[in-house]
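Q: would you be able to build a 3D model of this:
(2 chains)
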Amino acid sequence: MKLRAGRFLKSTEFYLFLVIAGIMVFLTVLTEDFFSVENLFDVLMSYSFLGVMAVGLLVVLISGGIDISFTATATVAQYVMATTLIRHGGGWWLTFLIPIAIGITLGAMNALLIYSLRVHSIIITIATLNIFYGVLIFLTGGKWIYNFPDWFAQGLSLFDFAAASGKIYSFSLSIIVLVAAIAITGFILNKTSVGRQIYAMGGNTEAAKRVGFNLLGLHFFVYCYMGFLAGTAGLVQAQLVQTVAPNSMVGRELEVVAAVVLGGASLAGGAGTLLGTVLGVALIAIMSNGLTLMGVSSYWHQVVIGLIILGSVSITAFNRKREEKRHAGIEV
Amino acid sequence: MNRDMFLELRNISKRFHGVQALSRVDFALQAGEVHCIVGENGSGKSTLIKIISGVYTPEAGGEIFIDGALQHDMTPGRSTHLGIQVIYQDLSLFPNLRVAENIAIRHHLEPGRLMVKQKKIMETALYAMAKINVSLDPERLVEKLSVADRQLVAICRAIAAEARLVIMDEPTSSLTRQEVDALFAVVKDLQEKKITIVFVSHRLNEVMEIAERVTVLRDGVKVGTYDAKEMDDRKLSYLMTGQDISYSTVKPEFNLDRIVLEAQGLSKKGNYRDISFRLRAGEILGVTGLLGSGRTELALSLFGMNPPEAGRILVDGKAVNLTTNRQAIAEGISYVSEDRLTLGLVMKQSVGNNIVLTVLQRLLNRLNLIENKKREVFIRERIGDLHIKVSSPDVPVNTLSGGNQQRVVLAKWIATRPKVLILDAPTVGVDVAAKAGIYDIVKRLAAEGVGILLISDEVPEVLSNCHRILLMRKGRVVGEYLAAEISEKELGQKINEA
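A: The predicted model follows:
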C-alpha cells in the first residue's frame, strides 16, 4: 500500500492535480465569480461534450492509434439527428439512436481503412475528417439549425437543486452522459478482456499479433467506440446550445488531443489513464474559464493552453531523464 | 538416450520466389532434450522454426509428426495447441503491462471470456514462475525489468501456455555471463519437466555448454545432427561454413615510441574509475570485461560523448578536452559503435551515402557543393579497398549482410583517416566467415599506423587480434595481459570472476 501511494505521488495525475488545485486557488482569490456553484456548473456543462470525446480518444491512443476525425463525426451525427427530429419528429430514443448509429458507422469506416491500408491512423483520420465534414457542408450548404421541438429544448434532468442565486441547477443530460461515458470506459479498459487487449495491442502490436489477438476486431472496437462517444457528444452539444452549427466543433479536435496527452496518455500507445484524461480536460476547461473571467482576450487562451502543454510535457520528459540517469549508473 | 520422439520432420523443403530456403531437411526432437540449431545467416534456421511453429507450410512431400501423429495443416494456432512456443529474439512482450498479465496473456483469449479475472491471472503467473523456480514481482511493469528478467517472463509465458517445446531464438545475445548462467539453470529446470528446448544461436561456445545435440544447417541443407560433446568451436565453424577458418594470430609490428592516445586517471561516477593506459601507433589494445563493466562508457568518453569527471586524455602527447564527438573526430579519434544498426548506419540510405557521411567537407567544390565526381571516385575506392560486396553503391545498406554492413561502417570511419580507431564489439551478429575479413581490415589499419582500441567480450577475438589486453570489472581496470602470454581458458575465467 505504501508503495502504491509512492507511485501515485510520482504520477502525472498527481502533478495535474496539484496544478489544477493551484490554479483554482489562484482564480478564487483573483476573481469573484470563479468559485461559485453557478460558475463551476457552467464549466462542467459546457465542457462535458469535450470530456466525452476525450474519453473516447483515450481508448484510441491506448490502442496505439489516434483519431482526428471525431469532431466531424460528431457534427455529422448531430446534423442528421437534428434534421430528422425537426422534419419527422421522434422521441428521446431516436434522439440517441441516430447519432450513435452514425458515429459507429463512421468509426467502422476509419477502422477498416486504418487496418486494411496499414497507413498511420493520423493520416487516415485527417482524410476522413475532411471527407465527413466536406460532404456534410456540400449537402447542407452549412445551414444552421435552431428550431428544435420543446421537449428537446427542455432536456433531461435529475436531482434539481437551487443555487444561492435562486437559479435551479440539476444533473442535466450533458452531465449524465459524461459520467456514464467515464464509468463505461473505465469498466471496459480495466475489467474486460477486450480492454486489456487494447492496452496490450498499444504496447506491442507485433506481439499482440503473434499471441493471436484479433487485431481487425480490436480496431473495429476502438474506432467504433470512439465514433459512438463522438456521436453521443454531438447530441449533448446540440442539446446544450440548442443549435447545430456545422463549424462549432470541427477545429477543436486538437484541444481534445491536448487534454488527453496532458493527462498522461502516450502518443506511442499503450499508456494512459482515465483519471489523467479527466484531469487533463478539467485543466483546460478551468484555465479557459479563468482567463475569460479575468477578461483576457480569447486569443491569449490558445497561447496559454499551448504553454501549459509545453510545460507539462517538459516536466514529464525531465522526470524520465532523471529516472534514466538513476538507473544507468554502475556500481563503482 | 532412449527417449520418446516429440517432433519429427521428414523431407521438408521450402521455396520463396525461386529461392530455395530449405531443401529436403529431416529433423527430429526427443522429448526433454536440449537441441541447438546453428548455421550462418541465410542458412534456413528461421525458416525451419517457422515451419515447426506453423507460420510457413512446407512444400508438398514434407511431413510433420508430433507425438508420432502426422499433422496435415499446421497453423500458428494449431502449433500452440500442440504445445509449441517460440520465444523470438525481441521476446514479444507487452512492456506496458504487469509481469503477471504478460505471463497469463492467453487469459484474454479464452473463448467466451468477456470479463478479466485478476485472481486467475495471478494464479497462472505464480504457478508458471514456481514451476521453473523464478521469482519476479508480478505487479511490476515489464518495461522496468532488465533484459534477463524479461526473458524469464517470456519463458514463464510459454510455460503458462502449457508448452511442451520451447524454441528460443538467440536467447543469449544481450545477456551478461551471469545472466546466461541463470538462464541455463532455468533451461535445466524445464528439461526436468520433460519440456523440449531448441536454441538458435550464433554464440557457439555457449551453445556447447547446454546443448545435448546440435543440428547444423548450411544453405538450406542439413549438414548433420551431432552429439554436442563431440563438437567444439572449430568443428562447428567448419560445418557451418564448409571452410576451415582459422583466424591468423600474426599481428603487425608497432611503433613503441609514438603514443597516439593516453588516458591518465580517468574517472566518472557511476561509469568507471581511475583508468590509465597508453595506446601506441599501430598497436591493437583489447578492452574486455562483462557487459556493464564500464567498457562502453569508457569508449564513449574517449569519443567525447560522455565526458569524464576527472583525469586527462592525451592525443599524440597533447592534452585534449573532449566534450563532443565533433572534437574527438577533429582530434583523429573514430568510434565504431556496438549498435551499428541504430547508431552506425543510416539503414535506408545507400552504401555510397553512408560511406561519405563523415567526409562530406572533403568532397566539396568551389561553390561548397558536393562534387559528384569526387564523391563517386571516393566511394569506389573505399568499396574496393574493403572488399564490400555490393552490386552497386546505390543499394540501401539494410539489404546487406551483417558482415558487409560492418565493412560499410568501417569504411565510413577509415575515410576520416583516424589516428585512433575505437571498435566496440565489431563482430556482433557477423557470420564466422565474415569475421575473418573484418579482422584482416583491422590488422591492416594497425600496420598503417592507426592505434586501435578493440572492445569485445569474445575471448578468441581479443586474443587473436590484440597485442595487449586490459580487463575491466565494475568500472576498473583489474588486469593487463600480453596476448602471447595468456591462454583462452585463463582469460575466459578471469573475465567471469566475480
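Q: quick check: which ranges of the stretch 101-250 of chain A have low pLDDT?
A: By pLDDT under 70, the low-scoring segments of the stretch 101-250 of chain A are A:158-169.
Q: kindly report the residues of it close to chain B.
A: Counting by Cβ under 8 Å from any Cβ of the partner chain, the stretch 101-250 of chain A comes close to chain B at A:190-197, A:199-200, A:202-204, A:206-208, A:210-213. In this view, the C-beta of every residue, glycine as well, is placed from N, C-alpha and C.
Q: in ChimeraX, how would I select the buried members of those residues?
A: Entered in ChimeraX, the line below selects the buried ones among these, by 16 or more other Cβ atoms under 10 Å in any protein chain shown:
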select /A:192,193,194,195,196,197,199,200,202,203,204,207,208,210,211,213
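Q: how close does B:Val214 sit to B:His35?
A: Per Cβ to Cβ, to the nearest Å, B:Val214 is found 7 Å from B:His35.
Q: again with B:Glu170
A: 15 Å.
Q: counting neighbours, go ahead and name the busier of those two.
A: The neighbour count for B:Glu170 versus B:His35, taken as other Cβ atoms under 10 Å in any protein chain shown, is higher for B:His35 (22 against 17).
Q: my read: that one touches B:Leu29, true?
A: Yes. Counting by Cβ atoms under 8 Å, B:His35 touches B:Leu29, with 5.7 Å between them.
Q: shared neighbours of those two, which are they?
A: Taking Cβ atoms under 8 Å, 6 or more residues apart in numbering or on different chains as the criterion, B:His35 and B:Leu29 both touch B:196, B:198.
Q: show me the domain layout of chain B.
A: B:5-241, B:259-496 (automatic domain parsing).
Q: using CSV, lay out the ones you listed together with mean pLDDT and distance to A:Thr243.
A: Formatted as CSV, those follow (pLDDT from 0 to 100; distance: least, Cβ to Cβ, whole Å):
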stretch, mean pLDDT, distance to A:Thr243
domain B:5-241, 88, 40
domain B:259-496, 86, 51
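Q: what about these, which gets the closest to A:Met81?
A: Of all those, domain B:5-241 sits nearest to A:Met81, with 30.4 Å by Cβ to Cβ.
Q: around the residue in the stretch 151-300 of chain B positioned nearest to chain A, count how many other residues there are.
A: Closest residue of the stretch 151-300 of chain B to chain A, Cβ to the nearest Cβ: B:Gly270 (3.1 Å). B:Gly270 is flanked by 16 other residues according to other Cβ under 10 Å.
Q: interface residues of the stretch 351-498 of chain B facing chain A?
A: B:474-476.
Q: the stretch 351-498 of chain B: helices as residue ranges?
A: B:351-356, B:372-385, B:402-414, B:432-447, B:459-465, B:488-496 (DSSP state H, counting those that start in this stretch).
Q: would you mind giving those as CSV with mean neighbour count added?
A: Shown next, in CSV, are those (neighbours: other Cβ atoms under 10 Å in any protein chain shown):
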stretch, mean neighbour count
helix B:351-356, 23
helix B:372-385, 15
helix B:402-414, 23
helix B:432-447, 19
helix B:459-465, 22
helix B:488-496, 15
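Q: rebuild those helices as JSON lines, extending it with distance to B:Leu70.
A: Shown next, in JSON lines, are the helices of the stretch 351-498 of chain B (distance: least, Cβ to Cβ, whole Å):
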{"stretch": "helix B:351-356", "distance to B:Leu70": "47"}
{"stretch": "helix B:372-385", "distance to B:Leu70": "51"}
{"stretch": "helix B:402-414", "distance to B:Leu70": "38"}
{"stretch": "helix B:432-447", "distance to B:Leu70": "37"}
{"stretch": "helix B:459-465", "distance to B:Leu70": "44"}
{"stretch": "helix B:488-496", "distance to B:Leu70": "46"}
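Q: ok, which residues in the stretch 51-200 of chain B are in contact with chain A?
A: B:76-77, B:80, B:88, B:90, B:92-97, B:101, B:105-109, B:113-116.
Q: can you flag the buried ones in those residues?
A: B:76, B:80, B:88, B:92-97, B:101, B:105, B:107-108, B:116.
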